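> need a structure here:
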Amino acid sequence: MNVMSAGSGRVRALLDRLAGTPAKRPTIVDFPPERVLGESFAQPAMRPRQDYFEVTVNELHLSLQRKWFRSYDPLVYTVVEFEHGTQWRAVPFVVGPQLVQSAATELGDAAGVVLTDTRVAGLHPFKGDRLALTVLLCELEQHDYMRGLLRGVERVARAVDMTGVLGPALRTAEAVMDSVDDILGFDSTQLLAGLRRELVPAGGIPSPSYFAMIAQPDVNLSRLWVNKGRLHEGQSATAATPYRGSDYTLVSLRASATRHDVDLLPFQSLWEQAKREANRSVNRQLWEQRGRASLFTLAEAIYDSPDLTLDQQKALILEYEERAILLRDGAQRRQNLGPVDRREIDSRPLSASILEL
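Got it, this is the predicted structure:
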């Protein structure tokens, strides 16, 4: 499979263009597991074709040393590239002034503001090919036309990957990338920090993996830690305190064995249909003609879903089959209720008779 896509080419071209900007060299940190505190590593590495992944901006810290929201607007632009189905895809997300001003927390002692725990991609199945992550932290001079364009891009970007169902959002993703290309092309846009990481399972991808981009150059890496998803600085883990020395972005990549939002996936309408047919299967003939057929259609759609791992596909089909059989058995029992059964139902305290519904 050719893992390069139009999205990948655009990201590389963007990075090449921004590399020529006169920004100071930022501090980029890849945190090894021994510098990640306050959370356990459930497994040594992400498991290809068994795990999902998600990418989160754990912290965006904006120092008041820079004239944020008075002269400049912030922009964090992320692009996650991975195999989805049989294609290599690029999923963008934009964290801009609208999101920051609505959700960020002001810090005391004039330290600035911080936005925490914004998911920018996932959950998506980790297919086992390489996984690429690009993160840019930029400042934009405030102009009316620029602020209007950025507000529009933010609104569109939120629709790209909010549910982890990528298929319907691919056209939206292209529109986001087009608009961000335009924004980053203005002379008034300044790159403060940027990173690109191509992660391959052969080297092992820890879960979680943390990356920090700090606008200040030459930060002492031996003093930096991640504690419960927050960037800290100190001589030791016990002495470390929240880092406030500069603008920075802390990003994480982590794995999950299960996704719990399957009710948002496209095949859910087929499950609703299968439940209706199971409830109508009051005899063996109806079950054979309609109930079983609806379950076969549902199972086929689940196996075709690129948004599920194989293990969860199998588990979900088994769960739906068991639930459908319970509904079928209940329907057949209700069909054959006799006078004694009806009297027993009528006599149940604090319950309405099902025969009167």
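> Pro33 against Gly204, yeah?
No. Assessed by CB atoms under 8 Å, Pro33 is found out of contact with Gly204, at 10.5 Å. Quick note: C-beta positions are derived from backbone N, CA and C, even for glycine.
> Which residue lies nearest the spatial centre of the protein?
What sits nearest the mean C-alpha location of the chain, by CA atoms, centre = their mean, is Gly122, with 2.6 Å.
> Next up, identify which helix or strand that one is on.
Element membership for Gly122, per DSSP states H and E: strand 112-125.
> For that strand, give the mean pLDDT please.
Computed over strand 112-125, the mean pLDDT rounds to 89.
> Direction included, what does that strand pair up with?
According to DSSP bridges, strand 112-125 has the following sheet partners: strand 52-62 (antiparallel), strand 105-107 (antiparallel).
> the strands in the protein, which residues?
27-31, 36-37, 52-62, 72-84, 87-95, 105-107, 112-125, 131-141, 189-199, 209-214, 224-227, 230-233, 241-242, 248-256 (DSSP state E).
> Out of these, which gets nearest to Glu288?
Nearest of these to Glu288, taken as CB to CB: strand 112-125 at 34.2 Å.
> domains of the protein?
6-256, 262-348 (automatic domain parsing).
> Could you identify which of these is most buried?
domain 6-256 (a mean of 18; mean count of other CB atoms under 10 Å).
> for the closest residue to Ala257 other than its chain neighbours, phi and psi?
Nearest non-adjacent residue to Ala257, counting by CB to CB, 6 or more residues apart in numbering: Asp51, 5.9 Å away. Per-residue torsions, Asp51: phi -110, psi 160 (degrees, to the nearest 10).
> Distance of Asp51 relative to Gly128?
10 Å (CB to CB, to the nearest Å).
> Can you tell me the closest non-neighbouring residue to Arg155?
Leaving out its chain neighbours, the residue that sits closest to Arg155 by CB to CB, 6+ apart is Gln98, at 7.9 Å.
> could you check the distance from the one you found over to Arg151?
In terms of CB to CB, Gln98 sits 5 Å off from Arg151.
> can you redo the strands paired with strand 112-125 as JSON lines with distance to Arg328 and mean pLDDT?
As requested, the strands paired with strand 112-125 are exported to JSON lines (distance: least, CB to CB, whole Å; pLDDT from 0 to 100):
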{"stretch": "strand 52-62", "distance to Arg328": "32", "mean pLDDT": "94"}
{"stretch": "strand 105-107", "distance to Arg328": "52", "mean pLDDT": "79"}
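> I'd like those written out as JSON lines, with distance to Ile28 added.
Output for the strands paired with strand 112-125, formatted as JSON lines (distance: least, CB to CB, whole Å):
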{"stretch": "strand 52-62", "distance to Ile28": "15"}
{"stretch": "strand 105-107", "distance to Ile28": "23"}
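> Just tell me which of the ones you listed ends up closest to Ser294.
Closest to Ser294 of these is strand 52-62 (CB to CB; 27.4 Å).
> orientation of that closest one relative to strand 131-141 in degrees?
Going by axes from the mean of the first three to the mean of the last three CA atoms, to 10 degrees, strand 52-62 is angled at 20 degrees with respect to strand 131-141.
> what is the orientation angle of strand 52-62 with strand 248-256?
Strand 52-62 runs at 160 degrees relative to strand 248-256, counting by the same axes, to 10 degrees.
> Using PDB, write down the CA coordinates of strand 52-62.
In PDB, the C-alpha atoms belonging to strand 52-62 read as follows (Å, rounded to 0.1, in the frame of the first residue of the first chain):
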ATOM      1  CA  TYR A  52      -7.800   2.200  19.100                       C
ATOM      2  CA  PHE A  53      -5.900   5.400  19.400                       C
ATOM      3  CA  GLU A  54      -6.700   9.000  20.200                       C
ATOM      4  CA  VAL A  55      -4.800  12.200  20.200                       C
ATOM      5  CA  THR A  56      -5.400  14.900  22.800                       C
ATOM      6  CA  VAL A  57      -4.100  18.400  23.300                       C
ATOM      7  CA  ASN A  58      -3.600  18.000  27.100                       C
ATOM      8  CA  GLU A  59      -2.500  21.500  27.600                       C
ATOM      9  CA  LEU A  60      -2.300  24.700  25.600                       C
ATOM     10  CA  HIS A  61      -0.600  27.300  27.800                       C
ATOM     11  CA  LEU A  62      -0.600  30.900  26.600                       C
END
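> Please state the offset of it from the chain centre?
9 Å (CA atoms, centre = their mean, to the nearest Å).
> cool, and stretch 181-191?
That offset, for stretch 181-191, works out to 26 Å (CA atoms, centre = their mean).
> what's the answer for stretch 65-79, then?
Relative to its parent chain, stretch 65-79 has a centroid offset of 23 Å by CA atoms, centre = their mean.
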